[in-house]
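K.L.:
Sequence and computational prediction follow.
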Amino acid sequence: QVQLVESGGGLVQAGGSLRLSCAASGRTFSNYGVGWFRQAPGKEREFVAAITRNGGGYRSYADSVKGRFTISRDDAKNTAYLQMNSLKPEDTAVYYCAADATISTVERRWDYWGQGTQVTVSS
């Protein structure tokens, strides 16, 4: 089992920045890829970004966040991050981190999930 806890959400004005953290415990964190998903009110959960295991040599982003968000990981700290810049009101959502041996843009492919953290971007 891998336990994931997100933090760093909050209220920010459009154009601002936030950094989300995903702290992992349980099994060896470096053996798992990490993904970020988000769910806005009334919408399905959608893929945001993912990073491969063992140092994260490959990263993937949704087109809607490419160039504004950066996913990273620090395996020594068992933590992954999502740096979000140039935030827009449409980025408002609950953000979830997920872990699995392989990364995917498909939600059901991920085995472990955190509880989510709210991000609200005001216009």
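P.N.:
That came in fine, so what should we check first?

K.L.:
Next one: the residue sitting nearest the centre point of the chain from residue 17, what distance?
P.N.:
Centroid check for the chain by C-alpha atoms, centre = their mean gives residue 36 as the closest residue, at 2.5 Å. As for residue 36, its distance to residue 17 is 15 Å (criterion: C-beta to C-beta, to the nearest Å). Heads up, the C-betas are built off the backbone N, CA and C, glycines and all.

K.L.:
Quick check: which ranges of this protein have low pLDDT?
P.N.:
For the chain, no stretch is flagged by pLDDT under 70.

K.L.:
burial of residue 105, as a residue count?
P.N.:
If you count neighbours by other C-beta atoms under 10 Å, residue 105 ends up with 15.

K.L.:
Would you map the strands across this structure?
P.N.:
Per DSSP state E, the chain carries strands over the ranges 2-7, 10-13, 18-26, 33-39, 46-51, 59-61, 69-74, 79-84, 93-100, 112-113, 117-122.

K.L.:
how much does the first one deviate in direction from strand 117-122?
P.N.:
Spelled out, it's strand 2-7. 30 degrees (axes from the mean of the first three to the mean of the last three C-alpha atoms, to 10 degrees).

K.L.:
what's the answer for the longest one, then?
P.N.:
Strand 18-26 runs at 170 degrees relative to strand 117-122, counting by the same axes, to 10 degrees.

K.L.:
and strand 18-26, which residues are buried?
P.N.:
18, 20, 21, 22, 23, 24 (16 or more other C-beta atoms under 10 Å).

K.L.:
Any idea what the nearest residue to the fourth one once chain neighbours are set aside is bridged to?
P.N.:
Right, residue 22. The spatial neighbour of residue 22 that comes closest, neighbours along the chain excluded (C-beta to C-beta, 6 or more residues apart in numbering), is residue 97 at 3.4 Å. On the basis of DSSP bridges, residue 97 is bridged to residue 36.

K.L.:
So residue 97 sits against residue 32, correct?
P.N.:
No - look at residue 97 against residue 32 with C-beta atoms under 8 Å: they stay out of range, at 10.7 Å.

K.L.:
joint contacts of those two?
P.N.:
Common neighbours of residue 97 and residue 32 (criterion: C-beta atoms under 8 Å, 6 or more residues apart in numbering): none identified.
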